[in-house]
Structure formats: C-alpha cells, structure tokens
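>>> Fold the following.
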Amino acid sequence: MKLYLASGSPRRRELLTLAGIPFEVRPCNDPEETAAESPVHTVLDLSSHKARAVFEDIKYGSEESGFAVLGADTIVVIDDEIIGKPKDDEDARKILKKLSGRTHEVYTGVCLLARKKDKTREMAFCERTAVTMYEITDAELDAYLASGEHMDKAGAYAIQGLAVKFVRKVTGDYSNIVGLPVARVYHELIKLRVL
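Here you go, the predicted model:
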C-alpha cells in the first residue's frame, strides 16, 4: 500500500527514509491553524487537518484502491506556552533565551489514515518528549542565529543540527524532537496493514 507523507519537512522525510519506510511526499499546503488550546489537542488537530486534506485530495483525484496518508505536527511548550516557529531572528532570540538552562516539552501529533477499497481506518496519537537545555551564552546565541538554522523550526532550534550542543538531557523519544516519533509510526503502520 502506498504511503503519502502530508508534509514537506526534510526532517520527517529523513526519519522515514532512515527507518526504511517507503513513502511519497504530498505536502498539505493549507495554513496551519487551530482553535485548540492544549498542546495535545493542538498537535492532534493540526496533524489531522494535514492528513485529511491530502487524503481527500488523493481519494477524489485518483483511482488508487489502497493508500495511506501520514500527517504530523510538532510544537514546543514551556511554562504552558505553545511555541511554534519563530517569525524572525529577534523572535528566535527571545524563544531560545526562554529555553536556555531550562526544561521544555516537545509534542508531536500524528494522524494516519489508511484506505483499502472503500474502507477507511484512522489512527491518531501524540508523543511527548522532555528536553533540558544548558545555559546558552549571548555569544553562542549570536553564532547560532547567524547560521540561519533556527528558522522554520518549532522552538527555533533543530536538535539534529548545530543546536545539539545546547541539549543537556532528553527524556523520551529523540526522533520526536526531530519531528516524528518514527518507531511508533512504524508499528502503527504495521497495525493498519500499510507495511
């Protein structure tokens, strides 16, 4: 059964590829909006929206009898505040100063929709990982922001890149911080008989 990834994220593509899960990219280009307030509901709502938009597009636009769609969304939370992607360098600086020397949480919501013949099955879940950062000096912060790596990343950092030197401790699934709890996704795809 063909799997479509409803995301243009290079990080999610890399994780699926590393796990040997065959897929095709079919990004959802809808705006990321939700009225949900809790972290869990926010990521579940956003991932579900992405998966459903691509699912409906494929369902009505092709003759495929069996296919699945994977939608995912990741956010960072500290002090009960949901932190998304930074708007600009100054916003990234504020976010990283807030995370510096503290523990925050990374939530990823995943929605899987599988269709075979005329039957659709759905599975959704949320994974939470705690991340503790070292104190980030102003010089380190300046150098990191100069790299440009912080843009388009929830919480203004990518753990698999230069920001790895700021991470003191990870409690939970490392790949969740990168943007997809790929081991859990793999096992859920098996349960849905996609793999």
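>>> helices or strands next to the helix or strand of the chain with the lowest mean pLDDT in the packing?
Considering only helices and strands, the least confidently modelled element of the chain by mean pLDDT, DSSP states H and E is helix 39-61, at a mean of 91. Applying 3 or more CB pairs under 8 Å, 6 or more residues apart in numbering; DSSP states H and E, one finds that helix 39-61 makes contact with strand 66-78, strand 103-116, strand 119-133. Using the backbone N, CA and C atoms, a C-beta is placed for each residue, glycine as well.
>>> do that again at 10 Å, thanks
The elements that helix 39-61 packs onto, with contact taken as 3 or more CB pairs under 10 Å, 6 or more residues apart in numbering; DSSP states H and E, are strand 2-5, strand 66-78, strand 81-83, strand 103-116, strand 119-133.
>>> after the shortest one comes which helix or strand?
Per DSSP states H and E, strand 81-83 leads on to helix 89-99 as the next helix or strand towards the C-terminus.
>>> Extract the residue ranges of this structure that are flagged as low pLDDT.
The model of the chain has pLDDT under 70 over residues 61-64.
>>> same thing but at 50, please
Scanning the chain for pLDDT under 50 picks out no residues.
>>> now the helices and strands packed on helix 39-61 as a markdown table including distance to V164?
Written out in a markdown table, the entries for those read as follows (distance: least, CB to CB, whole Å):
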| stretch | distance to V164 |
| --- | --- |
| strand 2-5 | 24 |
| strand 66-78 | 16 |
| strand 81-83 | 19 |
| strand 103-116 | 14 |
| strand 119-133 | 11 |
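>>> what's the burial count for the closest residue in space to Y4 that isn't next to it in sequence?
The shortest distance from Y4 to any residue that is not its chain neighbour, by CB to CB, 6 or more residues apart in numbering, is 4.3 Å, and that residue is R26. Residue crowding around R26 was assessed by other CB atoms under 10 Å; the count is 20.
>>> Pull the contacting residues for R26.
R26 makes contacts with 2-8, 53-55, 57-58, 67, 69-70, as judged by CB atoms under 10 Å, 6 or more residues apart in numbering.
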